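**Student:** fold the stuff below for me.
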Amino acid sequence: MEPLLRITTVPIKYELMITKARLEYSNSKTEMVSSRQKGGFEMESRPIKVRIDTFDARNSVCPTTMESVRRSAQEGKSAAQEATATYAEEGAMLLDPNISNPLDIINQQRAQVPTGDFGLTFLPTTGPEIEWSNPDLTMQYQMDKLNFDFRVANGDFEFIPGDVSISITQMPDVQIEYTGGPMYVPPSAADFFNHSPVDVLA
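**Tutor:** All right, here's what the predicted structure looks like:
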């Protein structure tokens, strides 16, 4: 009698991938960076400057109010000093017993025609004050500048470790197959199903 069950075992299947460790070297490139600094030309000119001060010259011809007051005060002061000196001299003459007739001498001195400088002057009495500064010319020229920067980079070493990977392509399995015929309950029904045709209703 043949066995009624057929048992089939399906083994597991897998793929094993191994990656070896390696050392990689990458060589970087040398770079050159250039920059340009522009120059320029600068020129600065200072022309001659003339300063003319005509204050004193104008005051000698047509003085200002303040200058007129100052001059009048100075002339009044000088006149007072001269009159004081004259009166002192005349008083001394009157008190001097050696002078026989002092009043006649005083009258003669007062009636005497003045001599000497009569105040004839040329106007203006002073000229203007002139000052000047020398001219100046400054030039500055700067050439363009080129800057070069070389960037030399060293090579880099990179270690890549190894790797082991497992890929399962087929899972393990157990297949059980029944190879016998049908079993009827009760067993006497087997003859009926094996020999009697089955009516099919249309």
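**Student:** how many residues are close by G40?
**Tutor:** Residues contacting G40 under the criterion other CB atoms under 10 Å number 9. Yep, even glycine has a C-beta here, placed from its N, CA and C like the rest.
**Student:** can you classify Y87 by secondary structure?
**Tutor:** Going by DSSP: H, G, I helix; E, B strand; the rest coil, the secondary structure assigned to Y87 is helix.
**Student:** dump the residue contacts of it.
**Tutor:** If a contact means CB atoms under 8 Å, 6 or more residues apart in numbering, then Y87 has no contacts.
**Student:** ok, it to A111 distance?
**Tutor:** Counting by CB to CB, to the nearest Å, the separation of Y87 from A111 is 17 Å.
**Student:** ok, what's across the strand from the one residue sitting closest to the centre of the chain?
**Tutor:** Among the residues of the chain, Q37 comes closest to the average C-alpha position under CA atoms, centre = their mean, at 16.3 Å. Partner residues in beta bridges with Q37, using DSSP bridges, are K145.
**Student:** I'd assumed K145 was in contact with it.
**Tutor:** Yes - applying CB atoms under 8 Å, one finds Q37 in contact with K145, separated by 4.2 Å.
**Student:** V174 bridge partners, please.
**Tutor:** In this structure, V174 has beta-bridge partners T9, where bridges are defined by DSSP bridges.
**Student:** what's the answer for the one 4 residues further on, then?
**Tutor:** Each beta-bridge partner of Y178 is listed here: L5, as defined by DSSP bridges.
**Student:** could you report the neighbour count for it?
**Tutor:** 9.
**Student:** verify the stated contact: it with L4.
**Tutor:** Yes - judged on CB under 8 Å, Y178 makes contact with L4 at a distance of 6.2 Å.
**Student:** now R22. Nearest residue, chain neighbours left out?
**Tutor:** Counting by CB to CB, 6 or more residues apart in numbering, I160 is the residue found nearest to R22 once chain neighbours are left out, at 5.2 Å.
**Student:** do the same with E129
**Tutor:** Using CB to CB, 6+ apart and skipping residues adjacent in sequence, the residue nearest E129 is D53, 4.1 Å away.
**Student:** give me the below-cutoff pLDDT ranges for this protein.
**Tutor:** In the predicted model of the chain, residues 1-2, 28, 112-123, 152-155, 184, 187-202 satisfy pLDDT under 70.
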